[in-house]
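# all I have is the shape, not the residue letters:
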């Protein structure tokens, strides 16, 4: 068996396509963003990626149908004259070993290079270890020109963050991408790291939409974000009562809870 | 050395063969079922599978004879006109690394595809974390048609189980099997997960026998199941006495112990 | 780099050679035995085996000279007319991963098969978890005929030992050896598992010498064994005093210490 | 993807070049020394080395520019007539698995062999587990002649150190280098193992400079060493006060602190 198997579902020609990567990771921010983008554009399936570097696992749907874990590429044709097409990479897992991460990333990049990809956006979460009310979008890029360009879309390039660099697919698609003459940007939504974070995904996606002049309805993602906010709020409230020895109930003080979001 | 070595012992032509997989796993349900089927039909050895993805281990028989750990394929020719032949995969271990699981499964599927296999049944246990008096057989399949077909044989397709999907050979033979144009079903016998469980294996095998119109004598498996029941019963009784501070002996209350089976 | 590099130092033709494997393991029994055999015959170096499945390590001699960790094959020509030549495999490490164990064993077997090897003796320790005064030599073999033959040389074939089989090179050289049409025997010297055990190595070697009609002087190995006995004795004595709260000194009771050997 | 990718930045012819390896390790001594040498000579970049045996990681500069983790070779042309050119190997990581260590080392050696390298110096730290005031430079070499030669430059060849041999790149470049007909020396600066240790790097580099008749200004490295000394001093002082229950302040006794260096 090949280490990485890319099974194309369709043969396409794309116009100057941009690759957007969003795989599971911190706060699931990248995956949430990529999945939402895929649903909203919407994109069409292009290829399925299997690998022995994923877990030996199948998922079972509510109807009892099995599906081997995978990554998947889908595409979207821009309706605008001269517009750029998109490729979106999502999936169940990143490679579960360092070697696997390299192998999978390299094979996907090779496949995308043949489709004409020269630009990559990777979407990720950046764990702050504390609740983040209004997540900023931190950036890292392959060139100073791109850093300047992204600042105009509100991306923050912080001298100290991310201090230790980026580990995993979002870094590797850019780092290895350079060996394929690709340029790109990593967009990292701030997140606590404790929750799946649709609000951070929304922040990341808004930067992407602005940069690529896309038109996306954020209603559903905003609804998800508010639901998570509500849950986080309740958890926070319960913890605070417990730690202060207060009775649980409507009379408990709520003043300092606003920072949850 | 090849990563996976399949050594054929015989060259056979099979009629529309069905592959049945039962390797060690939860409650050893799959292995117990496959081994029992192999003994009862009985099957003939077809091929031995060695791999560097198994442990570097030999077993020693009571007579002092060594045997390298392996998986093995055996076959059975249906005596009925137009009947389908069977291939049974059993063995000592599943691959001990994720990559190994993929490699071994893929190589066995490739070998079976050449023998004409287009349908796979995988046998496994499903850990409920508590004693199960009358194990149900849960299912997962590669198509809605198969889901419906298996329901007629008493298989339960539960909306929530298995929630996290299937990990290991029983899932992978179906998931990777689809890349070989194979369809199939995973039959999971409910089991506590604490014991080797011949009763669960019996439940799984009864579904299989019904589906494939086989004729198997269950006396020996039932005997094994009753022996395990007795042991489990005693363990349970002893634990209950201990936790209730009761003296051990025939006068201890037995009323609530019936649920063990 | 090849996974396993075998660098021949000489080109030899051997007469019906027997391979003897003794690598580090339980009580270092196999390695002690093989190294002693190599020194006493004495053998000549034939090939050095390097592998990326060994640790990335060099040893430094007392003179400051480095040497990459390796296994090594040496040979001995029987001086008797019609006698069988020997190949002795020793070294610093077994492969450090399961895959590595398989790969190294397979490559060495392939090399030895080309030299005409059809018979293998593997030397190992068998941990009893307690001090063993007079170590027996347990056996496992590739055929009933060999089991019977070895019994005549005092080898014990126990119904229950080794219950879980053999893990590592001593089992694998026999298990994989069968794929190269080699037959063989594993000789396991009983040992506590707590000490490097030259006495157990001596027991194993005496069986080997008897089986292959070799002529070896055991004086140096016996001296080593007695030195370890003395150390073990002292450790035992000290522990006993501590646990009994006795003062340390010549007046402490020694009656029950005889069992150390 | 190749396991190890060496991307040359320039094509050069070098005169009898010497390879100097200094990668991260104990006290970061080797890396500090190699990096300092590279900056002071100064060297020119020759090749970048990527590998799936490094972590799947990119670094982000203060300006927000990403860079895939790598090793790198740079070169220096000796200005002296008949002088020997140098190759310096530095980088972010050693290979993160044993196999990776072997693969990367072997590929770099192969690359360097083509450039004419026949001699290697590897730079490393040797952990003493205690503060070392005046670090000695311990050595290990590929031949007795080299041992004698290095003694003249103050290198200590100790009968017992390093007792367990060398693990990692500094040993492997010499051990595998012999398979490429390279000779060489490992220079190990004594260090506590608790700090990044520029003073130990300085000691190592002074031996190298003496051996290769280089001309290096040590001012900047000495400044770094003094800064680390100051920090270590403060930490030591604070710990001593704590353990002696003394008040922190200028009146605390300082007599025994001199040994920090």
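Yes, it's here. As the structure is a computational prediction, the values presented were derived from the model and not from experiment.

# switch to C-alpha atoms for all contacts and neighbour counts from now on
Noted.

# name the helices or strands packed onto the helix or strand of chain A with the lowest mean pLDDT?
Every helix and strand of chain A was ranked by mean pLDDT, DSSP states H and E. The lowest is helix A:219-244, at a mean of 84. Helices and strands touching helix A:219-244, by 3 or more Cα pairs under 8 Å, 6 or more residues apart in numbering or on different chains; DSSP states H and E, are helix A:198-212.

# which bits of the stretch 51-200 of chain A sit near chain D?
Residues of the stretch 51-200 of chain A lying near chain D by Cα under 8 Å from any Cα of the partner chain: A:98-99, A:101-103, A:106-107, A:139-144, A:147, A:157-160, A:162-169, A:171-172, A:174-176.

# how does it look with 6 Å?
A:98-99, A:102, A:140-143, A:157, A:159, A:165-168, A:171, A:175 (Cα under 6 Å from any Cα of the partner chain).

# among those, the buried ones, what's the ChimeraX command?
Typed into ChimeraX, the line below selects the buried ones among those, using 16 or more other Cα atoms under 10 Å in any protein chain shown:
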select /A:98,99,102,140,141,142,157,165,166,167,168,171,175
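
# circling back to that earlier point, and the angle from the least confident helix or strand of chain A to helix A:198-212?
Here the directions of helix A:219-244 and helix A:198-212 differ by 140 degrees (axes from the mean of the first three to the mean of the last three Cα atoms, to 10 degrees).

# close to chain B: what parts of chain A are there?
A:52, A:55-60, A:62, A:64-68.

# buried subset of the residues you listed, written for PyMOL?
Here is the PyMOL command that selects the buried residues among those (16+ other Cα under 10 Å):
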select buried, chain A and resi 52+55+56+57+58+59+60+64+65+66+67+68
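
# tell me which two of the residues of chain A next to chain B sit farthest apart.
A:52 and A:62 (25.4 Å; Cα to Cα).

# mean confidence for stretch A:50-67?
Summarised as a single mean, pLDDT over stretch A:50-67 is 96.

# kindly report the same for stretch A:137-145.
On average, stretch A:137-145 scores 97.

# now it: how far from the chain's centre is it?
16 Å (Cα atoms, centre = their mean, to the nearest Å).

# and if you look at stretch A:133-150?
That offset, for stretch A:133-150, works out to 15 Å (Cα atoms, centre = their mean).

# which residues are contacting it?
A:155-157, A:183-190, A:200, A:259-261, D:64-66 (Cα atoms under 6 Å, 6 or more residues apart in numbering or on different chains).

# list the contacts of stretch A:116-129.
Here stretch A:116-129 has contacts from A:17-22, A:26-27, A:29-30, A:170, A:182-193, using Cα under 6 Å, 6+ apart.

# filter the contacts of stretch A:133-150 down to just the ones in helices.
Secondary structure from DSSP state H places residue A:200 of the contacts of stretch A:133-150 in helices.

# so which residues of the stretch 51-200 of chain A form strands?
Secondary structure of the stretch 51-200 of chain A (DSSP state E, counting those that start in this stretch): strands at A:57-60, A:66-68, A:71-76, A:86-91, A:119-127, A:137-141, A:166-167, A:183-191.

# quick check: bridge partners of the closest residue to residue A:112 other than its chain neighbours?
Spatial nearest neighbour of residue A:112, chain neighbours left out: residue A:19 (7.7 Å); criterion: Cα to Cα, 6 or more residues apart in numbering or on different chains. For residue A:19, the beta-bridge partners are residue A:87, residue A:120 (DSSP bridges).

# ok, residue A:19 - contacts?
Residue A:19 sits next to A:87, A:88, A:120 when contact means Cα under 6 Å, 6+ apart.

# among these, who's most crowded?
Most neighbours among the contacts of residue A:19, by other Cα atoms under 10 Å in any protein chain shown: residue A:120, with 27 neighbours.

# just the pLDDT for the residue sitting nearest the centre point of chain A.
Nearest to the mean C-alpha position of chain A, by Cα atoms, centre = their mean, lies residue A:30 at 1.2 Å. Residue A:30 is assigned 98 on the pLDDT scale.

# please state the offset of the helix or strand hosting it from the chain centre?
Counting by DSSP states H and E, the element that carries residue A:30 is helix A:29-40. Relative to the centre of its chain, helix A:29-40 is centred 7 Å away, using Cα atoms, centre = their mean.

# from the contact counts, what lies against it?
The contact analysis (3 or more Cα pairs under 6 Å, 6 or more residues apart in numbering or on different chains; DSSP states H and E) places helix A:29-40 against strand A:119-127, helix A:198-212.

# could I get the ones you listed in a markdown table, plus columns for mean pLDDT?
Below are the helices and strands packed on helix A:29-40 laid out as a markdown table (pLDDT from 0 to 100):
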| stretch | mean pLDDT |
| --- | --- |
| strand A:119-127 | 97 |
| helix A:198-212 | 97 |
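
# which of the ones you listed is buried the deepest?
Mean neighbour count (mean count of other Cα atoms under 10 Å in any protein chain shown) peaks for strand A:119-127 among those, with a mean of 26.

# and that one, how far out from the chain middle?
Distance, centroid of strand A:119-127 to centroid of chain: 6 Å (Cα atoms, centre = their mean).

# circling back: among the contacts of stretch A:116-129, which ones are buried?
A:17-22, A:26-27, A:29-30, A:170, A:182-193.
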